[in-house]
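> Got a sequence here, can you model it:
(4 chains)
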Protein chains: 2
Amino acid sequence: MTERVAASSGRSGRRKRPTMLDVAREAGVALRTVSRVVNEDPTVGAQLASRVQAAISALGYAPDERAQQLRRGTSGTVGAAVRNLADAHPVLSAVDNAAREAGLAVLAMSTEDDEQRERAAVMSMCRRRVDGIVIEPIGMSHDYLSTELAAGLPLVAVDRPTGGVEADAVLSDNAAGIGMAYRQLALHGHQRIGYIGDDERIFTGRERAAAFRACVAASGGPLDGMTHPGAVSPGRISAALAAVFSGPTPATALITGNAETTIEVLRHLGADAGRVALVGFDDFPLADILRPGLTVVAQNSAVIGRTAIDLLVARSADPARPVQTVTVPVELIARGSGELPPPD
Amino acid sequence: MTERVAASSGRSGRRKRPTMLDVAREAGVALRTVSRVVNEDPTVGAQLASRVQAAISALGYAPDERAQQLRRGTSGTVGAAVRNLADAHPVLSAVDNAAREAGLAVLAMSTEDDEQRERAAVMSMCRRRVDGIVIEPIGMSHDYLSTELAAGLPLVAVDRPTGGVEADAVLSDNAAGIGMAYRQLALHGHQRIGYIGDDERIFTGRERAAAFRACVAASGGPLDGMTHPGAVSPGRISAALAAVFSGPTPATALITGNAETTIEVLRHLGADAGRVALVGFDDFPLADILRPGLTVVAQNSAVIGRTAIDLLVARSADPARPVQTVTVPVELIARGSGELPPPD
DNA sequence: AGCTTGCGGGATAACGTTATCTCACCCTGA
DNA sequence: TCAGGGTGAGATAACGTTATCCCGCAAGCT
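Predicted coordinates for the structure are as follows:
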């Protein structure tokens, strides 16, 4: 790592920031008048206002939002406790946009799929007195939030419901998505379809595996050895793949339960990836530049994010409104991999 | 979108949050004593402390961090103004982790590559009195920050330097990266190499294009028609590709100047992608599952993020220290696409 | 002229915390 | 018995805003 020290001698040390009082003195008016100008109170005269404005820009004054929040009692911020900040997160982006339109800033924190970190992040948000929290729940139990909820904290769960406490939630239609994937493969001649997905201890893993089993049962297909939920680790994926594609009646097609699994499966299939019919739950960037293109069940992140903020704002306005769960439809995007015929 | 209204009657309305004074009354002690207990001041007696603790948990009290910040004069928060929140952002993740270890929370805001939004985001952070800002600069000029910088705001630019004001910066070694890419292709027999990259109005686009030209000049190769900087739009990429691969001496290999360009190029190449030698600047998830695997020049996001926070903390401790620019090495990851031989 | 009205603008008290100062108290030593 | 120190805990003043109250002043009315 190369370090280059610039010629400049740096800054002039930390001066204290100008406060409203400084502006008032500079403009020769009372403190309260500066406040009025900042808040565009129409009762202040035009030439006096411009004098204050001049003082504001002369001093480079910017109001301290913490003090405003403290005084006003509202923070204008929503917390977003998301699983991951490193990977693509279209829902967070949608939340950010919707929040901005509602005049709210977003305090995003990563939970890294860790229950302790989720709790730490959420409690930190509470201490900051955010106006609401959007959470991708990790843990099974969110009892630690019951006091905050009772105090009126608007909380919206995204992707999975909260456990132990009642809160608004925005979920994707997991069962419908699995159904779409299954029907698409069946439509293209597949009778033996395998499923590899997330751990059933996780809500989405549970819902999708259950939906898959229901599809198989409904179509009268063979059930045993076709459903493989579990943690996303290279070893387990490899074993699951071996199980699905071996035995007397090997699968001819595969449904993967989330993006991570899909990618790990593709990694294992390697050069064979083009030969097996595959539909993945979750779209991801670059799914379209694979050969063949990857057929996916895509969640509608934009709608999910916006709905989450809508629910947050609604609860904020009326803390007593009934708890609501919104299910957002998913969409099948056919790109080729799900339309491959069986080997025969 | 399906809506389901749960049976529950919702919450009990918004109660006011308990304050330190409430705890003091509950425990029958003075306000100041509660503060001492919260801050683990050892001068408070054991049984009194436990009595206060009991009152705290009975009331579900959590200190108001805004008031603490106001009083203490520090916010324990760093702002992160990043280009994008929707796509993968390993640097942000590294910043988040490093900041957490330093006891700082991260207020992440997206600038969406928009100069106005960058400014709005940064000013909003300033109003929140963050202890420092990590920024991926968008605009050419950051003069609007000069007052804040003079007031001692620690500012660290990441990926690109700030314009018009002096600030610490963490940059990748763009020239070395382009050099690595060029040498790798030359090593595998390529003599005519093309470059498609970002607009030269953008710092990284400028640096990388310049480095590429220097490589070509140094190896005595043909320069004209080989360097194609510009905005990343499907139309321009398509035109650039046509230009590079046509004419009397078409290129046999390609360097792409950033991840966006790489992906757009792959999209255009389609089935031919496996036939052209390609090295991309920037690694991205899934680059390894393409066929052939994509050879890339990878930036060290983890080091970049950590260094940014280190610089921030250092400047916070000593506002007068000289401005510093740290250059982080890049790494070539050979996965196949950069090792393809020329067609002959 | 004296009174009301309206309006621009100033003093002051919150908001919830922490820092400084003060004080009451207990224990020790002479 | 009393001085002296150390210790635990309370009163009070900030931090930078905004909200409430109030006042001075000019104009319009009788």
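> Skipping adjacent residues, who's closest to the residue of the stretch 101-250 of chain A found nearest DNA strand D in space?
Closest approach of the stretch 101-250 of chain A to DNA strand D (C-beta to the nearest atom of the strand) occurs at residue A:129, with a separation of 13.3 Å. Where C-beta positions appear, they are placed from N, C-alpha and C, glycine not excepted. Leaving out its chain neighbours, the residue that sits closest to residue A:129 by C-beta to C-beta, 6 or more residues apart in numbering or on different chains is residue A:75, at 5.1 Å.
> Now do the strands in the stretch 1-150 of chain A.
Assigned by DSSP state E, counting those that start in this stretch, the strands in the stretch 1-150 of chain A fall at A:2-5, A:77-82, A:105-110, A:132-135.
> And for the residue of the stretch 101-250 of chain A closest to DNA strand D, the neighbour number?
19 (other C-beta atoms under 10 Å in any protein chain shown).
> ok, back up a step: please produce a markdown table containing the strands of the stretch 1-150 of chain A, extended by mean pLDDT.
Below are the strands of the stretch 1-150 of chain A laid out as a markdown table (pLDDT from 0 to 100):
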| stretch | mean pLDDT |
| --- | --- |
| strand A:2-5 | 50 |
| strand A:77-82 | 95 |
| strand A:105-110 | 92 |
| strand A:132-135 | 97 |
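> Nearest to residue B:119, out of these?
Nearest to residue B:119 among those is strand A:105-110 (14.6 Å), distances taken as C-beta to C-beta.
> So what's the residue count around the residue nearest to residue A:129?
Neighbours of residue A:75 using other C-beta under 10 Å come to 25.
> circling back: the strands of the stretch 1-150 of chain A: which one's closest to DNA strand C?
strand A:77-82 (15.9 Å).
> That closest one pairs with which strands?
According to DSSP bridges, strand A:77-82 forms sheet pairs with strand A:105-110 (parallel), strand A:132-135 (parallel).
> Looking at these, which one is packed in the most?
Of all the strands paired with strand A:77-82, strand A:132-135 carries the top mean neighbour count, a mean of 27, counting by mean count of other C-beta atoms under 10 Å in any protein chain shown.
> residues contacting residue A:282?
A:258-259, A:262, A:296-299 (C-beta atoms under 8 Å, 6 or more residues apart in numbering or on different chains).
> ok, back up a step: in TSV: the strands paired with strand A:77-82, plus distance to DNA strand D.
Listed next are those as TSV, based on distance: least, C-beta to the nearest atom of the strand, whole Å:
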stretch	distance to DNA strand D
strand A:105-110	16
strand A:132-135	20
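> export those to JSON lines and tack on distance to residue B:48?
Formatted as JSON lines, the strands paired with strand A:77-82 follow (distance: least, C-beta to C-beta, whole Å):
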{"stretch": "strand A:105-110", "distance to residue B:48": "34"}
{"stretch": "strand A:132-135", "distance to residue B:48": "34"}
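> how close does the residue lying closest to residue A:284 once chain neighbours are set aside sit to residue A:67?
The shortest distance from residue A:284 to any residue other than its chain neighbours is 4.8 Å, reached at residue A:259 (C-beta to C-beta, 6+ apart). Residue A:259 sits 43 Å away from residue A:67, taking C-beta to C-beta, to the nearest Å as the criterion.
> Equivalent analysis for residue A:196, please.
Residue A:196 is 54 Å from residue A:67, by C-beta to C-beta.
> Residue A:140 too?
From residue A:140 to residue A:67 the distance is 40 Å (C-beta to C-beta).
> The two: which is more packed in?
residue A:67 (16 against 13).
> Let me see the contact set for that one.
residue B:70.
> The one 3 residues further on too?
Listed by C-beta under 8 Å, 6+ apart, the contact partners of residue A:70 are B:64, B:66-67, B:70.
> And residue A:268, by the same measure?
By C-beta under 8 Å, 6+ apart, the neighbours of residue A:268 are A:234, A:237-238, A:241.
> Among these, name the buried ones.
A:237, A:241 (16 or more other C-beta atoms under 10 Å in any protein chain shown).
> ok, so of the contacts of residue A:268, who is nearest residue A:60?
Using C-beta to C-beta, those come closest to residue A:60 at residue A:234, 54.7 Å.
> Need the nearest residue in space to the closest one, chain neighbours excluded.
Per C-beta to C-beta, 6+ apart, closest to residue A:234 is residue A:264, 6.3 Å.
> Now do the same for the host helix or strand of that neighbour: mean pLDDT, whole number.
Using DSSP states H and E, the secondary-structure element containing residue A:264 is helix A:259-269. Taken as a whole, helix A:259-269 has an average pLDDT of 94.
> again with stretch A:300-320
For stretch A:300-320, the per-residue pLDDT averages 95.
> ok, back up a step: now do the residue nearest to residue A:129 against residue A:42, distance only.
26 Å.
> interface residues of the stretch 51-200 of chain A facing DNA strand C?
Within the stretch 51-200 of chain A, the positions lying close to DNA strand C (C-beta under 7 Å from any atom of the strand) are A:67, A:70-71, A:73.
> swap the cut-off to 6 Å and go again
Within the stretch 51-200 of chain A, the positions near DNA strand C by C-beta under 6 Å from any atom of the strand are A:70-71.
> helix, strand or coil for residue A:170?
strand (DSSP: H, G, I helix; E, B strand; the rest coil).
> wait, it sits on residue A:326?
Yes - judged on C-beta atoms under 8 Å, residue A:170 makes contact with residue A:326 at a distance of 5.0 Å.
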